[in-house]
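1. Sequence first, then the predicted structure, then my questions.
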Amino acid sequence: MSSDLLIAGAGIAGVAAALALSRAGARVDVFERAPQLATEGAGVQLGPNVTRILRAWGLQEALNAVAVFPEQLCAMDARDGRVVGQVDLTTAALRYGAPCVCIHRADLQALLWQAVHEAPGVQWHWGQALQSVSQAAEGVTVHSDAGQTWDADGLVIADGIGSQMRRHVLGDGAPTPTGHIALRALLPMADVPLAWRSGDVWVWMGVDFHLVHYPVRGGQWLNLVLVLNRPHTDLDPGWSLTGDADWAQRAVARSCSALRDVVGRVTEWRYWVLADRAPMASALEMAVGRVALVGDAAHPMRPYLAQGAGMAMEDAAALQAAWLTHANSGVAAAWHAMAHSRWQRVARVQQQSRRNGRIFHSAGLVRWGRNWALQTWGSHLMDPAWLYGGGPVPKP
Ligand SMILES: Cc1cc2nc3c(=O)[nH]c(=O)nc-3n(C[C@H](O)[C@H](O)[C@H](O)COP(=O)(O)OP(=O)(O)OC[C@H]3O[C@@H](n4cnc5c(N)ncnc54)[C@H](O)[C@@H]3O)c2cc1C
């Protein structure tokens, strides 16, 4: 069987790539290891650089139905409960032409899927794990775990942080554990103390941990993400496993009472052992001939700038632009253009994410300097114009 393009993985990156490439006129076959679209996950924040893309794809109304539009981002010192920095997100929306939103990952996945699942020329293959790809002058051949093969003009690898396909193509091993784990939980808003029932994004910075919380699902649930230093962990690196409430309570034991109170209300945490790769060093990590790499498969990053899913959607918008402009010159030319337009921006996001992690968890003089800098320049430091004002925007 032959088609224009194959996509490995139907996470945020794969579904967004299918949407973008079908809008650019490509025929696409998507292969997903799981038997159906994933509904697990927790909250994600999306900056204006991402909501601008969703709007261009005509998804603003669908986004309005499920997202929360926070008005402020507040940075707090977890030890004494003081506000150390604030930024008004409503003015960000005016400046960047698109809002910041908080959304449940499953809602984001579903709204992308609704926009593409019946698009002409898009085929879905569930329960099909791809294993390897070979390239020849005239196309690619992919092989599945079940021993099937497919031929196409090109391939987009979007199979996530543990990407089997990346290892096959780039041969650079597995991502490296960062020494941090993330605990995530959802609390019904009705169970949350009144003072915490705000529609805003809050970041509490403690010694060796930070906690982020914001509402999702139209404000019905409070999403909590608690990131802890945990070097040399022997925890299972799998996705979304059940964590221990005691880890969370111990981490915040020396924090202000408001924080301890809310963390104490959570009975079920899911944990992720965080891993990443060094910031990209060249476009070769996103395009190798007729094979493109996007999302976490290409550039897994620490979640401290809240841009992993955002970068996956920017990748999709860049694939769309590259296919529209360069498809006549061939798949390799299109992927080469996409990778060159992306890698330096993504590398900057990866670097900044690593730096934020160090700053968020600091102690002593560094903590003091952080709080002083946020009090003095918070609205500037917490509102990165290069990030929110940049990135690709597909033609509507
Ligand atoms: C604690 C935490 C908080 C986060 N917060 C944010 C945030 O606020 N904002 C933000 O933008 N991002 C955030 N992220 C990052 C974001 O969740 C990821 O970057 C994003 O989901 C990656 O999408 P993806 O499609 O590349 O990978 P995935 O979501 O992992 O999807 C990969 C897909 O490929 C499939 N697959 C795997 N192997 C194969 C195979 N061999 N063949 C076929 N299919 C395969 C998988 O089943 C899966 O469906 C956060 C991450 C964490 C851990």
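-> Arrived safely.
2. Any stretches of the stretch 51-200 of the chain with poor pLDDT?
-> Of all residues in the stretch 51-200 of the chain, none has pLDDT under 70.
3. does the ligand sit close to the strand or helix carrying residue 324?
-> For residue 324, the host element (DSSP states H and E) is helix 308-326. Yes - applying CB under 6 Å from any ligand atom, one finds helix 308-326 in contact with the ligand at 308-310, 312. Every residue, glycine included, has its C-beta placed from N, CA and C.
4. what comes up buried for that helix?
-> Neighbour-count burial for helix 308-326 flags 308-324, 326 (criterion: 16 or more other CB atoms under 10 Å).
5. so residue 313 makes contact with residue 53?
-> Yes - Residue 313 is within contact range of residue 53, at 5.4 Å (criterion: CB atoms under 8 Å).
6. Between those two, which contacts overlap?
-> With contacts defined as CB atoms under 8 Å, 6 or more residues apart in numbering, no residue is shared by residue 313 and residue 53.
7. I'd like to know the average pLDDT value across stretch 223-243.
-> Along stretch 223-243, the predicted confidence averages to a pLDDT of 80.
8. Quick one: end-to-end length of that stretch, please.
-> 16 Å (CA to CA, to the nearest Å).
9. Within its sheet, name the partner strands of the top strand by length along the chain and how each one runs.
-> Taking DSSP state E as the assignment, the strand of the chain that covers the most residues is strand 176-188. The strands beside strand 176-188 in its sheet (DSSP bridges) come out as strand 221-229 (antiparallel), strand 270-276 (antiparallel).
10. What segments of the stretch 1-150 of the chain are strands?
-> 2-8, 28-32, 43-46, 72-77, 82-88, 101-104, 122-126, 130-136, 139-144, 149-157 (DSSP state E, counting those that start in this stretch).
11. Can you lay out the residues of helix 308-326 next to the ligand as JSON lines showing distance to residue 181 and pLDDT?
-> Below are those laid out as JSON lines (distance: CB to CB, whole Å; pLDDT from 0 to 100):
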{"residue": "308", "distance to residue 181": "16", "pLDDT": "97"}
{"residue": "309", "distance to residue 181": "19", "pLDDT": "97"}
{"residue": "310", "distance to residue 181": "22", "pLDDT": "98"}
{"residue": "312", "distance to residue 181": "22", "pLDDT": "98"}
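12. The stretch 101-250 of the chain against the ligand: which residues are in contact?
-> 129-130, 158-161, 164, 182, 184, 225.
13. ok, which residues in the stretch 251-396 of the chain are in contact with the ligand?
-> 272, 295-297, 303, 306-310, 312.
14. Please report how far residue 205 lies from the ligand.
-> 16 Å (CB to the nearest ligand atom, to the nearest Å).
15. and that residue, that one's in a strand?
-> Yes - Residue 205: assigned to a strand according to DSSP: H, G, I helix; E, B strand; the rest coil.
16. Can you check what pLDDT the model gives it?
-> Taking residue 205 on its own, its pLDDT is 96.
17. Now for it: which residues touch it?
-> Going by CB under 8 Å, 6+ apart, the list of residues near residue 205 reads 75-78, 84, 359-362, 367, 370.
18. Let's have the residues you listed in a markdown table, adding neighbour count.
-> A markdown table is the format used below for the contacts of residue 205 (neighbours: other CB atoms under 10 Å):
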| residue | neighbour count |
| --- | --- |
| 75 | 24 |
| 76 | 25 |
| 77 | 20 |
| 78 | 23 |
| 84 | 19 |
| 359 | 17 |
| 360 | 22 |
| 361 | 21 |
| 362 | 19 |
| 367 | 19 |
| 370 | 21 |
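19. From those, pick the one nearest the ligand.
-> residue 360 (12.9 Å; CB to the nearest ligand atom).
20. isn't residue 283 right next to residue 335, touching?
-> No - counting by CB under 8 Å, residue 283 stays clear of residue 335, with 9.4 Å between them.
21. Please say which of the two ends up with more neighbours.
-> residue 335 (27 against 18; other CB atoms under 10 Å).
22. Please write out the alpha-carbon positions of the host helix or strand of residue 250 in PDB.
-> Per DSSP H and E: residue 250 is located in helix 245-251. Extracted in PDB, the C-alpha atoms of helix 245-251 (Å, rounded to 0.1, in the frame of the first residue of the first chain):
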ATOM      1  CA  ALA A 245       0.700  10.800  49.000                       C
ATOM      2  CA  ASP A 246       3.500  10.600  51.600                       C
ATOM      3  CA  TRP A 247       6.100  11.800  49.100                       C
ATOM      4  CA  ALA A 248       4.100  14.900  48.500                       C
ATOM      5  CA  GLN A 249       3.400  15.600  52.200                       C
ATOM      6  CA  ARG A 250       7.100  15.200  53.100                       C
ATOM      7  CA  ALA A 251       8.200  17.500  50.300                       C
END
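23. Please point out which parts of the helix or strand just after it sit buried.
-> The C-terminal neighbour of helix 245-251 among helices and strands, as given by DSSP H and E, is helix 257-265. If you call a residue buried by 16+ other CB under 10 Å, then helix 257-265 has these buried ones: 259, 262-263.
24. Just the closest of the residues you listed to the ligand, please.
-> residue 263 (15.8 Å).
25. in the lengthiest helix in the chain, what's buried?
-> Ranked by residue count, the top helix of the chain under DSSP state H comes out as helix 331-360. Under the neighbour-count criterion of 16+ other CB under 10 Å, helix 331-360 has 331-332, 334-339, 341-343, 345-350, 352-354, 356-357, 359-360 buried.
26. what about stretch 14-23, distance to the chain center?
-> 16 Å (CA atoms, centre = their mean, to the nearest Å).
27. Touching it from outside, list them.
-> 5, 7-8, 10, 28, 30, 32, 37, 57, 109, 112-113, 115-116, 119-122, 156, 158-159, 294-295, 312-313, 315-317, 319-320, 323, 394.
28. picking up where we left off before, please pick the buried ones from the residues of the stretch 101-250 of the chain next to the ligand.
-> 129-130, 158-161, 164, 182, 184, 225.
29. Kindly reformat these as CSV containing distance to residue 18.
-> Putting those into CSV (distance: CB to CB, whole Å) gives the following:
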residue, distance to residue 18
129, 17
130, 15
158, 9
159, 14
160, 15
161, 19
164, 19
182, 28
184, 26
225, 28
